[in-house]
Structures are given as C-alpha cells and as structure tokens.
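Q: Would you be able to build a 3D model of this:
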Amino acid sequence: EGLDPGACYTFSLDADPTRKGRFCTARPSGDDLRFLAIGDTNPGLGHTAGVLASVLPEKPEFTLHGGDIEYYDSGLETWASWFPVMQPMLEAGAFFPAIGNHESEKSTELADYALRFFGGAGFDGGETYYRFETAGIHFFSLNTQESIGQGSAQATWLEGKLIEAEQSPGFRFSIVFFHKPLLTCGDTDDNPPARAYLEPRFLAHKVPLLLGAHMHGYERFELDNGLTYITTAGGGGLMGDVDKNVARDYCDKRAASAPAFHGVIFDITAGKIEGKVIDESGETIDT
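A: Here you go, the predicted model:
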C-alpha cells in the first residue's frame, strides 16, 4: 500500500541492512520499458557471472527467465551456490521465470525449490504458468514441460487471456515466453504442432514477440507474418550446436545466431521494440 505507479523503490533487509534490493511497480500504459531476457543459467560453469556483469549495467526493470534456472544434477552446483552468483540480478528487480526441464531433475525438486522460491510470480493461470502486465504490455509465461498445444489447459487459458488482455484499457501488445522453443535450427527439438495451433492466435491477438530458451545459444527468427522468435539460452549452460538442424524448412528465416553466452536487453518505446544482445565480454552481438 502507498506505492506510486511507475516508480522504483529500494529496500534493505532488517536482518542485514547491507543487503539491498530494488523493485518497480507496474507502469502506466504508454510508458517506456526496459527488461532483461535470459535463459539456462548454470553459474557453476563460470560464464553466468560475466553475462550478468555485462547486462545489468543497462539497468533492466525486471528479468524474464526462459527456464533451466539451475542445474541441480550437474555436479558443479546446488541451489545454495546459485543464489550468491545470481544475487546481482535478483536485487536489480523482479524475477519472472518460466519452468524448464532442469527444474524437475529430482522427484521433489520442482516443489521444493523452483516453486517454493519463485511460484506465484504472476497472476492466475496454473501452478507453473502465469501472466502479468506493465506499461500496457501483457506478459505470459508458459510451462513447456506440459502440453501447450491444441486442447491443453495452457493453450485454452492463453487464448482466453490474450483476448481478455486485448480488450483491457491501455492494451498495447502481449509477449509470450517459455522454455522449449517452438522453432530452432539448433540441437534441440522444435514443436511444429504447438506452433501451428498457437501462431494464428498470436497473430490474431497482437503478440509480436516470442521468447524461448533450452537450445544453448542465441537465435533470432523474423517470419514473413511479422512474428519475431528469439532463442535466448546463453545464460551459462554448456554451449550447444546452434546449426545442427539448419535443414529445417524455416531456417531460412533465421536472421541471426551465435554460440554465445549472453542476455538480451529489450527496450519498448512508442511503436517500437528494440533488442540488444550482449555477450559475457560486454560486446553487442546482435540488435
């Protein structure tokens, strides 16, 4: 209570006043907005800290995480060691993760860790998928560990909420993010059935941007229908082969790719979405 819209606040912990953080309240429709997208963070391999050091000076208001938050069975880290490395990101603003396959490596890991720490990051949906809104932009997180295709609970929920969002005052557009990509030319599966069902809904209800992860690297697809798909899964997991499946029939629409540890800074202004892909050395590798 007593917070202003479109304002950022700093706080410190009663238990340790040296531990500080920041959060921002939802912005009025039409405001400019900057956020970070990242995926597949595995700090134990040594690249995640460099990525965060390169992207966080851009001062994103919040982070969208594409899933595989932590690699519990990698032998190199645990959730206890994940938090110190990720602290700069967590204290910079809100954290909105999607659920990845590595959130369920142990039988109770999803409930004991990912959902205990980050469950309820947004509003309604199910236990592992949700939505939120700021600046007139509606964000939808899906859980690709479960079906997102025709007839699924998530697809039904998503379509209904996309329509509801479009009808809400101040609506600008929606962004959808998830773990396993709908299309990729790299070394993971794509999801043609879900894409065939969902893409017409994206086009009908003003979803210009789709963010996926899982394939360890970076990809940007610019489709003839106006949709942009980004694969941002360079948060620190072992780098993948971004060209393993370049024979897929849509790979001629891939405008950029890189086997790079990275994060993506998005700036939304009047009538425009701009992205800047920054690698762990601080170089901009795509815009």
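
Q: where's the closest residue to residue 162 other than its chain neighbours relative to residue 173, distance?
A: Closest residue to residue 162 apart from its sequence neighbours, by C-beta to C-beta, 6 or more residues apart in numbering: residue 205 at 4.0 Å. Backbone N, C-alpha and C define where each C-beta goes, glycine included. Using C-beta to C-beta, to the nearest Å, one obtains 9 Å as the distance from residue 205 to residue 173.

Q: These two: which has the busier surroundings?
A: residue 205 (20 against 16; other C-beta atoms under 10 Å).

Q: Might you report the residue contacts of the residue nearest to residue 162?
A: Residue 205 sits next to 159, 162, 163, 165, 166, 174 when contact means C-beta atoms under 8 Å, 6 or more residues apart in numbering.

Q: just the residues you listed now: which is nearest residue 89?
A: For the contacts of residue 205, the minimum distance to residue 89 (C-beta to C-beta) is 24.0 Å, reached by residue 174.

Q: Would you list the phi and psi of the closest one?
A: Backbone geometry at residue 174, expressed as degrees, to the nearest 10, gives phi -120, psi 150.

Q: For it, grab the count of nearby residues.
A: With other C-beta under 10 Å as criterion, residue 174 counts 22.

Q: One more: residue 75?
A: For residue 75, the count of nearby residues is 8 (other C-beta under 10 Å).

Q: same check, this time on the one 3 residues further on
A: Here the number of neighbours of residue 78 (other C-beta under 10 Å) works out to 14.

Q: mind listing what it touches?
A: Residue 78 makes contacts with residue 72, as judged by C-beta under 8 Å, 6+ apart.

Q: which stretches of the stretch 1-150 of the chain have low pLDDT?
A: The stretch 1-150 of the chain contains residues with pLDDT under 70 at 74, 76-77.

Q: Now the nearest residue to residue 195 once chain neighbours are set aside: phi and psi?
A: Distances taken as C-beta to C-beta, 6+ apart place residue 182 nearest to residue 195, at 4.1 Å, with adjacent residues excluded. When quoted as degrees, to the nearest 10, the phi and psi of residue 182 stand at phi -80, psi -30.

Q: What count of nearby residues applies to residue 182?
A: 25.

Q: Adjust the sequence numbering to begin at 13 for everything that follows.
A: Done: numbering now begins at 13, and the last item shifts to residue 194.

Q: Pretty sure it sits against residue 225.
A: No. Residue 194 is not in contact with residue 225 according to C-beta atoms under 8 Å; the separation is 11.7 Å.

Q: Just the C-alpha atoms of whichever helix or strand residue 171 is part of, please, in CSV.
A: Secondary structure assignment for residue 171, by DSSP states H and E: helix 165-178. In CSV, the C-alpha atoms belonging to helix 165-178 read as follows (Å, rounded to 0.1, in the frame of the first residue of the first chain):
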residue,chain,number,x,y,z
ALA,A,165,-5.1,-26.4,-20.3
GLN,A,166,-2.4,-23.9,-21.0
ALA,A,167,-3.4,-23.2,-24.6
THR,A,168,-7.0,-22.8,-23.6
TRP,A,169,-6.0,-20.4,-20.8
LEU,A,170,-3.6,-18.5,-23.0
GLU,A,171,-6.1,-17.8,-25.8
GLY,A,172,-8.7,-16.7,-23.3
LYS,A,173,-6.3,-14.4,-21.5
LEU,A,174,-4.9,-13.0,-24.8
ILE,A,175,-8.4,-12.0,-25.8
GLU,A,176,-9.0,-10.5,-22.3
ALA,A,177,-5.8,-8.6,-22.4
GLU,A,178,-6.6,-7.2,-25.9
